[in-house]
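A.B. asks: missing the sequence, but the structure's below:
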């Protein structure tokens, strides 16, 4: 596995989730991306979150 897989696979998962939840039109995709952006900001804008016990 290459180092880029760690970056590509999560972004592919996010894209699939957005299409599944919000549809396939450009407008729906942009709305879904805006929602994911808000979720990311609410989680502290950090890619790696601490491990919960």
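C.D. replies: Received the coordinates, thanks. Keep in mind the model is a prediction, meaning the values are calculated, not measured. Numbers count the residues shown, from 1 in each chain.
A.B. asks: center of this protein - which residue?
C.D. replies: Residue closest to the mean C-alpha point of the chain, counted by CA atoms, centre = their mean, is residue 14 at 3.6 Å.
A.B. asks: Tell me how far that one lies from residue 34.
C.D. replies: Distance, residue 14 to residue 34, by CB to CB, to the nearest Å: 13 Å. The way it works is simple: take the backbone N, C-alpha and C, and place the C-beta from them, glycine included.
A.B. asks: How about residue 23?
C.D. replies: According to CB to CB, residue 23 stands 14 Å off from residue 34.
A.B. asks: same question, residue 18
C.D. replies: 10 Å.
A.B. asks: higher neighbour count, these two?
C.D. replies: Remark: of residue 18 and residue 34, residue 18 carries more neighbours, 20 against 12, as counted by other CB atoms under 10 Å.
A.B. asks: low-confidence ranges in this structure?
C.D. replies: Applying pLDDT under 70 to the chain picks out residues 1-9, 22, 49, 53.
A.B. asks: Let me see the ranges of the helices in the protein.
C.D. replies: 5-22, 26-42 (DSSP state H).
A.B. asks: give me every residue that touches the residue nearest to the centre of the chain.
C.D. replies: For residue 14, the contacting residues are residue 36, by CB atoms under 8 Å, 6 or more residues apart in numbering.
A.B. asks: can you do 10 Å?
C.D. replies: Residue 14 is in contact with 32, 33, 36, 39, 40, counting by CB atoms under 10 Å, 6 or more residues apart in numbering.
A.B. asks: Just the buried residues from those residues, in ChimeraX please.
C.D. replies: Only the buried entries of those go into this ChimeraX selection, using 16 or more other CB atoms under 10 Å:
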select :32,36
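A.B. asks: In JSON lines, list the contacts of residue 14 along with distance to residue 47.
C.D. replies: Putting those into JSON lines (distance: CB to CB, whole Å) gives the following:
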{"residue": "32", "distance to residue 47": "19"}
{"residue": "33", "distance to residue 47": "16"}
{"residue": "36", "distance to residue 47": "13"}
{"residue": "39", "distance to residue 47": "13"}
{"residue": "40", "distance to residue 47": "9"}
